[in-house]
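K.L.:
Here is a sequence with its predicted model. Questions after.
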Amino acid sequence: MASPLAEAEVVRVRASGKVNLTLRSGPRRPDGYHQLATLFQAVSMYDELDVRWAPPGQVSVSVTGEQAGLVPTGETNLAVRAARLLAQEYGAGGLGCTMELRKTIPVTGGMAGGSADAAAALLACSVLWDLDVSPDDLLELGARMGADVPFCLTGGTAMGTGRGDRLAPVLTRGTYHWALALSDGELSTPEVFGRFDELQPSGNAELEVPPEVLNALISGDAAALGRCLHNDLQEAAVSLRPQLARVLEAGLELGALGALVSGSGPTVAFLVPDERTGLDLSVGLTGEGLARVVRRVHGPVPGARLIA
Ligand code: C5P
């Protein structure tokens with residue numbers, strides 16, 4: 001197949017990380033996944049992916065960024081898997097690309113960094129290869145890659161049901177400011193769900209997003225949203241990483257409107273009233289050695305988007 005783009009040309013996509021404003025989980029299903037009722041918000045922390053044409057069947061990735069050493073570069077890399085899936089479904093395998101990934105979203109941090117990279121690769125390769133793939137097709141491929149990938153394609157604020165992959169947009173007003181406390185070390189999502197199963201074998205019986213969260217978002221009331229942030233996986237994450245309890249407490253003492261472990265952790269997300277409080281939190285938490293780094297971000301922002 002001829003390249004629709006000159007060989008040297010690059011397609012660049014930026015994909016955002018997410019926080020879960022609320023996450024309720026049912027018990028483990030026979031397929032190993034958990035039924036969720038969650039609200040995602042995409043935040044302004046981005047991985048960037050450049051893709052270029054390569055000979056048919058060749059798909060490779062190189063990774064740069066703070067935690068690049070933690071990201072596999074072989075066939076298990078989620079961007080590689082996503083490109084291969086797309087090539088197989090839409091190009092009879094006869095397509096290739098080289099990818100350069102610049103990581104900013106923490107690796108295995110509970111912010112869907114790997115899923116963002118898969119979403120970025122699906123979008124970037126569909127453009128590079130000039131494929132006739134609709135946004136719904138990309139969402140369907142994304143769901144096959146992982147539960148959070150569809151949200152990483154759409155971004156914004158959305159309710160996720162099923163495994164978290166069935167999305168409905170949610171009305172929100174205004175911009176929310178977050179301080180994200182990143183820790184050293186990772187927490188494995190399957191391990192956190194495993195601990196959740198031990199702590200709560202029958203899961204949360206109320207599998208719905210509470211109306212007060214939706215009301216807070218519609219009215220743009222950050223203080224009300226702060227009061228109802230909730231994550232069923234938090235207890236499991238804290239039991240695997242007890243120092244997270246102190247991080248959560250310290251951020252609230254420093255003026256956060258609300259705090260929760262993001263997804264399966266270990267990143268802790270603090271909703272703050274303004275950028276100034278975010279800065280205070282950043283200085284306080286790093287000063288006390290409670291975070292490797294604190295990133296100040298805002299949401300909602302779009303999901304995976306072309307930037308060149
Ligand atoms: O879909 P993804 O590969 O991102 O999920 C990683 C792991 O997280 C799954 O293998 C499963 O152990 C756990 N998970 C779950 N229920 C969900 C989402 C993820 O148990 N709804």
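P.N.:
Received the coordinates, thanks. Values in this document were obtained by computation on a predicted structure and should not be read as measured data.
K.L.:
So which residues on the stretch 151-300 of the chain come close to the ligand?
P.N.:
R163, G164, T189, P190, F193 (Cβ under 6 Å from any ligand atom). (Glycine included, C-beta is placed from N, CA and C.)
K.L.:
Nearest the geometric middle of the protein, what residue?
P.N.:
By Cα atoms, centre = their mean, the chain has its centre lying nearest to A112, at 2.4 Å.
K.L.:
hmm, back to that, farthest pair within the residues of the stretch 151-300 of the chain next to the ligand?
P.N.:
Maximum pairwise distance among these (Cβ to Cβ): 14.3 Å, between G164 and P190.
K.L.:
can you pick the most crowded of the residues of the stretch 151-300 of the chain next to the ligand?
P.N.:
Greatest neighbour count in those, by other Cβ atoms under 10 Å, goes to G164: 29 neighbours.
K.L.:
need the contact list for it.
P.N.:
When contacts are counted by Cβ atoms under 8 Å, 6 or more residues apart in numbering, G164 touches L36, T38, F40, A147, D148, F151.
K.L.:
Tell me the one of those residues nearest the ligand?
P.N.:
The ligand lies nearest to A147 out of those, by Cβ to the nearest ligand atom, at 3.6 Å.
K.L.:
And that closest one, how far from L23?
P.N.:
Distance of A147 to L23, computed by Cβ to Cβ, to the nearest Å: 12 Å.
K.L.:
overlap in contacts of the two?
P.N.:
By Cβ under 8 Å, 6+ apart, A147 and L23 have these common neighbours: L36.
K.L.:
Which one of those two is surrounded by more residues?
P.N.:
Set side by side, A147 and L23 show more neighbours around L23, with 27 against 21, by other Cβ under 10 Å.
K.L.:
what about that one, distance to the ligand?
P.N.:
Distance of L23 to the ligand, given as Cβ to the nearest ligand atom, to the nearest Å: 9 Å.
K.L.:
Just the terminal-to-terminal distance for stretch 58-71.
P.N.:
Using Cα to Cα, to the nearest Å, one end of stretch 58-71 lies 19 Å from the other.
K.L.:
whoops, stretch 169-184 was the one
P.N.:
One end of stretch 169-184 to the other measures 33 Å (Cα to Cα).
K.L.:
what comes up buried for it?
P.N.:
By neighbour count on 16 or more other Cβ atoms under 10 Å, the buried set for stretch 169-184 is V170, T172, Y176, H177, W178, A179, L180, A181, L182, S183.
K.L.:
Quick check: bridge partners of the fifth one?
P.N.:
Going by DSSP bridges, W178 is paired in beta bridges with L271, V297.
K.L.:
Hmm, V43 and it touching each other?
P.N.:
Yes: in this structure, W178 is within contact of V43 by Cβ atoms under 8 Å, at 5.8 Å.
K.L.:
so what's in contact with the two at the same time?
P.N.:
Joint contacts of W178 and V43 (Cβ under 8 Å, 6+ apart) are V19, V297, H298, G299.
K.L.:
which residues does the last one contact?
P.N.:
Applying Cβ under 8 Å, 6+ apart, we find G299 in contact with V19, Q41, A42, V43, S44, T157, T175, Y176, W178.
K.L.:
Swap in 7 Å and give it another go.
P.N.:
Neighbouring residues of G299 by Cβ atoms under 7 Å, 6 or more residues apart in numbering: Q41, A42, V43, S44, Y176, W178.
K.L.:
Excluding chain neighbours, what is closest to R102?
P.N.:
Of all residues not flanking R102 in the chain, E48 sits nearest, at 4.5 Å (Cβ to Cβ, 6 or more residues apart in numbering).
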